[in-house]
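Enquirer: my questions are about this predicted structure, shown below with the sequence.
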Amino acid sequence: MEHPIITLTTDFGLSDPFVGIMKGVILGIAPGARVVDITHEIPSHDIAEAAFAIDFAHRYFPDRSIHVVVVDPGVGSARRPIAAAVRGQVFVAPDNGVLARILEAPAEVYHITNTGLFRRPVSRTFHGRDIFAPVAAHLASGTALASIGSRIEDYVMLPASTRPSVLRVDKFGNVITNLRLDDLPAGFAIRIGGRSVRRLLDSYEDAAAGEVFAIEGSAGFIEISVKRGSAAKTLQVGAGAEIEVETGHANQ
Amino acid sequence: MEHPIITLTTDFGLSDPFVGIMKGVILGIAPGARVVDITHEIPSHDIAEAAFAIDFAHRYFPDRSIHVVVVDPGVGSARRPIAAAVRGQVFVAPDNGVLARILEAPAEVYHITNTGLFRRPVSRTFHGRDIFAPVAAHLASGTALASIGSRIEDYVMLPASTRPSVLRVDKFGNVITNLRLDDLPAGFAIRIGGRSVRRLLDSYEDAAAGEVFAIEGSAGFIEISVKRGSAAKTLQVGAGAEIEVETGHANQ
Amino acid sequence: MEHPIITLTTDFGLSDPFVGIMKGVILGIAPGARVVDITHEIPSHDIAEAAFAIDFAHRYFPDRSIHVVVVDPGVGSARRPIAAAVRGQVFVAPDNGVLARILEAPAEVYHITNTGLFRRPVSRTFHGRDIFAPVAAHLASGTALASIGSRIEDYVMLPASTRPSVLRVDKFGNVITNLRLDDLPAGFAIRIGGRSVRRLLDSYEDAAAGEVFAIEGSAGFIEISVKRGSAAKTLQVGAGAEIEVETGHANQ
């Protein structure tokens, strides 16, 4: 690849030089790489949020893109660094669940043990710099996935939440649920934040001012929204809030 | 162009994966494109602020740069997507006024109707991903502007504010007005936030500690500043605040 | 160089278009340059913080990288613009101490006086755009360092703090001190925020829940940390806080 793509998803924020440092390491190994930020504003140590972000974002990247995900509360401990080939793309991350949504698809997963690919010395506090960035850069430069370590099957998966709940709130205050369009029966009502939401709209513009409505969001989940307002503020809900889906109502 | 430049100006923030997703879409279509962020911190739905940002920023980009502006409260409604050739550069945006300052110059404006250039399916909530990013990437890859749709003349312009007022406050607390240097007569006084500002300085360093003064800012507008302090905090003013220009004073 | 690297470290934030504008200027002069953000969230006018960030970050960039640092409270005054060759890399910045940590190593420092390399007209409020970005881009395009001005020896150095203190707090709440591992004697106790820290750990994971401990951080300084918590909040300390190193304790 002339312009291999490496994306970064972390909880490092943008105030510290951590992200820039990872890019320096990458460009030192793979000078032609295109480094793309997915987000660095994952809340500190929030594995579920990182799992959501990379699962949403990678679908819009070309084949052979390499995605580095570093939300790593266990850095320096025995948790394994892994790399996984899924749907024609490659993911490099700690084995702590950040790839759990990705790994629901058929995957080849490797425990990264080839220390020759690491930056030396390897710190015990910044594996983004010392392990994940250089391994991704070597993969972008043509190192074969199979040469980075041994194949594993016992990688960390997170138990899928079986109850309807709020995954997260986006910048506009849209409340992203874990419901899909197929989860809404005819005559549904979504109970959330003390309200009953029964209107499913195709577009924000179809809503009345102040109305709380459901819409299929751009990540493929049902979102609860208020046109030009914040549904999260209106409903006073955030990530993890439970919701209920009732049936037998007349939808509006 | 070997390295076509595509800039992004949005109100998406950097916490969600939206911006990274737009870059993935662009690089999938135009692998050699250089994607440059202008800002993603436009306040949600603030069309005037986006119009200011792109009007300021594009002047420093080389010919043939392509600028994508997505502040789009009407996404999914009947508002048109447009592309405009202005001053040797190209702008791709919703037709809602975000290009109003740009379009004061002679412009060729097209209503984007060639759906073959869109990402499919087109959502009704994220046209940045499905329409604006892919159209910009196709333009960067050599698609002719005239092939994206039909020429229009009735694009949205915003009424220019005729009254002196505050456009915005920058990160340092400088208060950017809509006044130009030519708008200040000899013996001027700018009434703002209960103060009368009569000193026009060439440089922040020429100010006394705590002094509130006027200066021609880097965007070409008169700014009200406090050296190493925040004029916005000192004056308690923000975007939209009205100001008055008086004459007949002895400038200092 | 086919892909010269130019990094940016500023206090401009990401809400204004300033950073995007600098990139536009750079790409207009050096179309093949790779522009990498170190951080733009240096607190306004905080020279010491910028000096720390670039000193930490540049070590991870390849030879011949060019680093632009613009934290410049004296913009428009007589303070000199300088460029310095240090350790095979080049630094472009105002001569106000932002390079003080870098310039502790053997350095060739030039006062930038070749105005032919500037963007014209040169404003007195935005030298990042008009001087530092274009000079860096010309250097990336092959302009020799010696042609930008005359060699100087009297560049600004900051007095090294001789007392143990807090350099800064990172995004995770880790308290970065100016102590090195060698500064901790056997039986040390670090007095900070009313506590006495005696445990030096190799990894966050080795800590007990809630424990305040010392660890060698990724920048090479001793940091005071709380596992999955904020040491800065626990200790109620921030940048500049004084600390004491005592001896004669039994380390734990």
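Expert: Thanks, I have the structure now.

Enquirer: Three-state assignment for A:I6, please.
Expert: strand (DSSP: H, G, I helix; E, B strand; the rest coil).

Enquirer: that one: how many residues sit nearby?
Expert: A:I6 sits with 24 neighbouring residues when counted by other C-beta atoms under 10 Å in any protein chain shown. Using the backbone N, CA and C atoms, a C-beta is placed for each residue, glycine as well.

Enquirer: any idea how far it is from B:V98?
Expert: 31 Å (C-beta to C-beta, to the nearest Å).

Enquirer: and A:N114, by the same measure?
Expert: Distance from A:N114 to B:V98, by C-beta to C-beta: 49 Å.

Enquirer: so between those two, which is more surrounded?
Expert: B:V98 (32 against 15).

Enquirer: just to check, the more buried one is in contact with B:V71?
Expert: Yes - B:V98 lies in contact with B:V71 (C-beta atoms under 8 Å); the separation is 5.4 Å.

Enquirer: residues shared between the contacts of those two?
Expert: B:47, B:50 (C-beta atoms under 8 Å, 6 or more residues apart in numbering or on different chains).

Enquirer: which residue ranges of the stretch 101-250 of chain A form helices?
Expert: Assigned by DSSP state H, counting those that start in this stretch, the stretch 101-250 of chain A shows helices spanning A:127, A:133-140, A:231-235.

Enquirer: looking at the ones you listed, which is closest to B:D154?
Expert: helix A:231-235 (34.2 Å; C-beta to C-beta).

Enquirer: what sits against A:D95?
Expert: A:79-82, A:111, A:155-156.

Enquirer: so what's the residue of the stretch 151-252 of chain A found nearest chain B closest to, chain neighbours aside?
Expert: Residue nearest to chain B within the stretch 151-252 of chain A: A:S203 (3.1 Å; C-beta to the nearest C-beta). Distances taken as C-beta to C-beta, 6 or more residues apart in numbering or on different chains place B:G76 nearest to A:S203, at 3.1 Å, with adjacent residues excluded.

Enquirer: that neighbour: neighbour count?
Expert: By other C-beta under 10 Å, neighbour count at B:G76 equals 19.

Enquirer: with A:T125 instead?
Expert: That count, for A:T125 with other C-beta under 10 Å as the rule, works out to 22.

Enquirer: next: A:I42.
Expert: Residues near A:I42, counting by other C-beta under 10 Å, number 27.

Enquirer: isn't it right up against A:A53?
Expert: Yes - applying C-beta under 8 Å as the test, A:I42 and A:A53 come out as touching, 6.5 Å apart.

Enquirer: which neighbours do these two have in common?
Expert: Here A:I42 and A:A53 have A:T9 as joint contacts, going by C-beta under 8 Å, 6+ apart.

Enquirer: touching chain B at all, stretch A:175-193?
Expert: No - using C-beta under 8 Å from any C-beta of the partner chain, stretch A:175-193 stays clear of chain B, with a minimum separation of 9.6 Å.

Enquirer: how distant is that stretch from the center of its chain?
Expert: 22 Å (C-alpha atoms, centre = their mean, to the nearest Å).

Enquirer: which outside residues touch that stretch?
Expert: A:161, A:164-170, A:196-198, A:200, A:214, A:216-217, A:219-225, A:231-232, A:234-237, A:241, A:243-251.

Enquirer: for chain B, what are the nearby residues on the stretch 51-200 of chain A?
Expert: Counting by C-beta under 8 Å from any C-beta, the residues of the stretch 51-200 of chain A that sit close to chain B are A:53-54, A:56-58, A:60-62, A:65, A:170-172.

Enquirer: mind redoing it with 6 Å?
Expert: A:53, A:56-57, A:60-62, A:170-172 (C-beta under 6 Å from any C-beta of the partner chain).

Enquirer: got phi/psi on the residue nearest to A:I222 when sequence neighbours are not counted?
Expert: With sequence-adjacent residues excluded and distances taken as C-beta to C-beta, 6+ apart, A:I222 is closest to A:L179, at 4.2 Å. Taking degrees, to the nearest 10, you get phi -90, psi 140 for the backbone angles of A:L179.

Enquirer: burial count for A:L179?
Expert: 22.

Enquirer: just A:A250 next, same as before
Expert: A:A250, neighbours per other C-beta under 10 Å, totals 8.

Enquirer: please apply the same query to A:K233.
Expert: Neighbourhood size, A:K233 [other C-beta under 10 Å]: 12.

Enquirer: re earlier: which one of the contacts of A:D95 sits closest to chain C?
Expert: A:R79 (8.5 Å).

Enquirer: quick one: residues contacting the closest one.
Expert: A:94-96 (C-beta atoms under 6 Å, 6 or more residues apart in numbering or on different chains).

Enquirer: and what about it, helix, strand or coil?
Expert: Using three-state DSSP, the structure places A:R79 in coil.

Enquirer: distance check, it against A:R199.
Expert: 44 Å.

Enquirer: swap in A:H58?
Expert: Using C-beta to C-beta, A:H58 is found at 32 Å from A:R199.

Enquirer: can you check A:V175 too?
Expert: 14 Å.

Enquirer: same question for A:A146.
Expert: 51 Å.

Enquirer: picking up where we left off before, A:V175 and A:R199: which is more packed in?
Expert: A:V175 (33 against 16).

Enquirer: which residues does the residue of the stretch 101-250 of chain A found nearest chain C contact?
Expert: Proximity of the stretch 101-250 of chain A to chain C (C-beta to the nearest C-beta) peaks at A:F126, 3.6 Å away. Under the criterion of C-beta under 6 Å, 6+ apart, the contact list for A:F126 reads C:S218.

Enquirer: at 10 Å instead, please
Expert: The contact partners of A:F126, by C-beta atoms under 10 Å, 6 or more residues apart in numbering or on different chains, come to A:12, A:18, A:21-22, A:70, A:72, A:75-76, A:119, A:132-133, C:217-219.

Enquirer: from the residues you listed, pick the one nearest chain B.
Expert: A:F12 (12.0 Å).

Enquirer: quick check: the residue nearest to that closest one when sequence neighbours are not counted vs A:H127, distance?
Expert: Leaving out its chain neighbours, the residue that sits closest to A:F12 by C-beta to C-beta, 6+ apart is A:F18, at 4.2 Å. From A:F18 over to A:H127 the distance is 11 Å, taken as C-beta to C-beta.

Enquirer: what does A:K233 give?
Expert: From A:K233 to A:H127 the distance is 37 Å (C-beta to C-beta).

Enquirer: same check, this time on A:V169
Expert: Distance from A:V169 to A:H127, by C-beta to C-beta: 29 Å.

Enquirer: and A:L200, what are its bridge partners?
Expert: A:A214 (DSSP bridges).

Enquirer: for it, grab the count of nearby residues.
Expert: Counted with other C-beta under 10 Å, the neighbours of A:L200 add up to 16.

Enquirer: got it, and A:A93?
Expert: So A:A93, with other C-beta under 10 Å, has 28 neighbours.

Enquirer: is it in contact with A:A53, as I believe?
Expert: No - contact criterion C-beta atoms under 10 Å: A:A93 and A:A53 do not qualify, at 11.9 Å.

Enquirer: quick check: neighbours shared by the two?
Expert: What both A:A93 and A:A53 touch, as defined by C-beta under 10 Å, 6+ apart, is the set A:9, A:69, A:71.

Enquirer: relative to chain B, which of those residues is nearest.
Expert: Closest to chain B, out of all of the shared contacts of A:A93 and A:A53 and judged by C-beta to the nearest C-beta, is A:T9, at 7.7 Å.

Enquirer: helix or strand for the closest residue in space to the closest one that isn't next to it in sequence, which one?
Expert: With sequence-adjacent residues excluded and distances taken as C-beta to C-beta, 6+ apart, A:T9 is closest to A:I38, at 4.2 Å. Element membership for A:I38, per DSSP states H and E: strand A:34-39.
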